[in-house]
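> here are the coordinates; sequence isn't available:
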Ligand SMILES: [Zn+2]
Ligand SMILES: [Zn+2]
């Protein structure tokens, strides 16, 4: 399900880090030895066995992160991102695996387009990447793709991200066919007749600024529909980029009733509100839009209590000339791979809103479970998927530092606390900084 370039595995010993693996209930100062890409020993004062030694006193070693929602813009917009640049950006952000959305040019709706992507990933992906295929042909919402064939060809899941599946009847059939294909649906929930032409969250700020509103109910009404269909068909589904309090309440209620639904939330929806739009910076324009403080608090609480099990960046690179236009004319989306941990550590962990353990779990094991990956773990016998973090280190976000081909970040110029010092993905050191 994941594809990367083939490269030799490595042997290293990470010495003296605080090793934190919330899923394995490990939290201690330990050494970790990796033999040929596999965790061989975890203990105190390990022998180096001739391996390269990484001195990590004062640093935190955790399972590396997984991002279930990335736009790699390939094929079609390689000026904005490529598999190579996007996976390098992910490695710099501490990720050991990412999943790419199919709303490319052309759309990933056939085995041929998917096969070409997989071939490119095998040549240039720095870290393992999985590809979602479209639910409907051309993401037009009219006709289902050949889900069985796409699954056999390597699709990790199915999504029309960027667009909702408007027809309830088609969504029902998509649930049925995805079950046969053995892959999950990942849904961008938006009722277009309610969101139409909306530039930002509908509320006091949109009224003041005179922008067309995109109300919360445009998201929650579709989430309600899809959760009901999932319950009726008894099939699992994943809800992309939750933004509204009502959506979270619907998800929590459905989960309590036994619906196998998962949800994700982005760093920008966890850290910002519609107040940020007063800056008229096109780097705070995204779909779904930044919502109210009440919504933001509900998202933080849902991430804390596990109703939302995963953080996803929805990394959406855009060319500078397309973002540097008036707010109303700018496309939706912001980058996020290289800043996700630092942003959430700074805005949620440092002020005490979310424990560090919870953030690590939601960015690694929780995110891995969305599409059924084995969660990264710091245990003997597991492939080395590790991130070495300096939680005290602070840095300023600048355009020059990005490995991504785009720099439409809402964090430009900000000082953040929390730095990725090293990333190990599937047994290879893929980033050191
Ligand atoms: Zn979306
Ligand atoms: Zn997206």
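Yes, it's here. Just so we're clear, the structure is a prediction, and the values are computed from it rather than from any experiment. Residues are numbered from 1 along each chain as shown. Ligands and ions are numbered 1, 2, ... in the order given.

> quick one: average pLDDT of stretch 40-58?
Stretch 40-58 carries an average pLDDT of 95.

> Can you tell me the SS state at the residue nearest to residue 29 when sequence neighbours are not counted?
Nearest residue to residue 29, sequence neighbours excluded (C-beta to C-beta, 6 or more residues apart in numbering): residue 18, at 5.6 Å. C-betas here are computed from N, CA, C, even on glycine. Using DSSP: H, G, I helix; E, B strand; the rest coil, the secondary structure recorded for residue 18 is strand.

> What residues does residue 18 make contact with?
Residues near residue 18 by C-beta atoms under 8 Å, 6 or more residues apart in numbering: 27, 28, 29, 59, 60, 61.

> Could you give the number of residues near the residue nearest to the last one when sequence neighbours are not counted?
Taking C-beta to C-beta, 6+ apart as the measure, residue 61 lies nearest to residue 17, with 3.9 Å between them; neighbours along the chain are not counted. By the criterion of other C-beta atoms under 10 Å, residue 17 has 25 neighbours.

> what bridges to residue 17?
residue 30 (DSSP bridges).

> residues from the stretch 251-400 of the chain in reach of ligand 2?
Residues of the stretch 251-400 of the chain lying close to ligand 2 by C-beta under 5 Å from the ion are residue 314.

> again, only this time at 8 Å
287, 314, 316, 333 (C-beta under 8 Å from the ion).

> Those: which ones sit near ligand 1?
Within the set of those, contact with ligand 1 (C-beta under 8 Å from the ion) is found for 287, 314.

> Rebuild the residues of the stretch 251-400 of the chain next to ligand 2 as JSON lines, extending it with neighbour count.
Below are these laid out as JSON lines (neighbours: other C-beta atoms under 10 Å):
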{"residue": "287", "neighbour count": "19"}
{"residue": "314", "neighbour count": "28"}
{"residue": "316", "neighbour count": "26"}
{"residue": "333", "neighbour count": "22"}
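
> With respect to ligand 2, which of the residues of the stretch 251-400 of the chain next to ligand 2 is nearest?
Ligand 2 has its nearest neighbour among these in residue 314, at 4.4 Å by C-beta to the ion.

> so residue 337, which of the three states?
coil.

> quick one, what contacts it?
Residue 337 neighbours (C-beta under 8 Å, 6+ apart): 67, 70, 86, 89, 90, 92, 93, 95, 98, 313, 315, 404.

> Would you convert the residues you listed into TSV that also reports pLDDT?
Converted to TSV, these look like this (pLDDT from 0 to 100):
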residue	pLDDT
67	98
70	98
86	98
89	98
90	98
92	98
93	98
95	99
98	98
313	98
315	98
404	97
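
> In strands only, show me those.
67, 70, 95, 98 (DSSP state E).

> rewinding a little: highest neighbour count among the contacts of residue 18?
Most crowded among the contacts of residue 18, counting by other C-beta under 10 Å, is residue 61 at 29 neighbours.

> Report the beta-bridge partner residues of that residue.
residue 19, residue 388.

> quick one: contacts for the residue most central in space within the chain?
By C-alpha atoms, centre = their mean, the chain has its centre lying nearest to residue 312, at 2.5 Å. Neighbour list for residue 312: 67, 68, 69, 240, 241, 264, 265, 266, 367, 370 [criterion: C-beta under 8 Å, 6+ apart].

> now residue 104
With C-beta under 8 Å, 6+ apart, residue 104 has these contacts: 72, 73, 74, 75, 76, 77, 113.

> swap the cut-off to 7 Å and go again
Applying C-beta atoms under 7 Å, 6 or more residues apart in numbering to residue 104 gives the contacts 73, 74, 75, 76.

> Which strands or helices does the lowest-mean-pLDDT helix or strand in the chain pack on?
Lowest by mean pLDDT, DSSP states H and E among the helices and strands of the chain is helix 320-323, with a mean of 92. Using 3 or more C-beta pairs under 7 Å, 6 or more residues apart in numbering; DSSP states H and E as the contact test, no helix or strand touches helix 320-323.

> List of residues touching it?
Outside helix 320-323, the residues touching it (C-beta under 7 Å, 6+ apart) are 282, 283, 330, 331, 408.

> gap between it and the chain center?
23 Å (C-alpha atoms, centre = their mean, to the nearest Å).

> filter the contacts of helix 320-323 to the buried ones?
Using 16 or more other C-beta atoms under 10 Å as the burial test, those include 282, 283, 330, 408 as buried.

> Return the member of the residues you listed nearest to residue 344.
residue 283 (17.5 Å; C-beta to C-beta).

> Spatially nearest residue to the closest one (excluding sequence neighbours)?
residue 410 (4.7 Å).

> For residue 71, see how far away whichever residue of the stretch 101-250 of the chain sits closest to ligand 1 is.
Residue nearest to ligand 1 within the stretch 101-250 of the chain: residue 188 (3.6 Å; C-beta to the ion). Going from residue 188 to residue 71 by C-beta to C-beta, to the nearest Å gives 12 Å.

> that older thread, buried stuff in the least confident helix or strand of the chain?
Those would be residue 323, for helix 320-323 by 16+ other C-beta under 10 Å.
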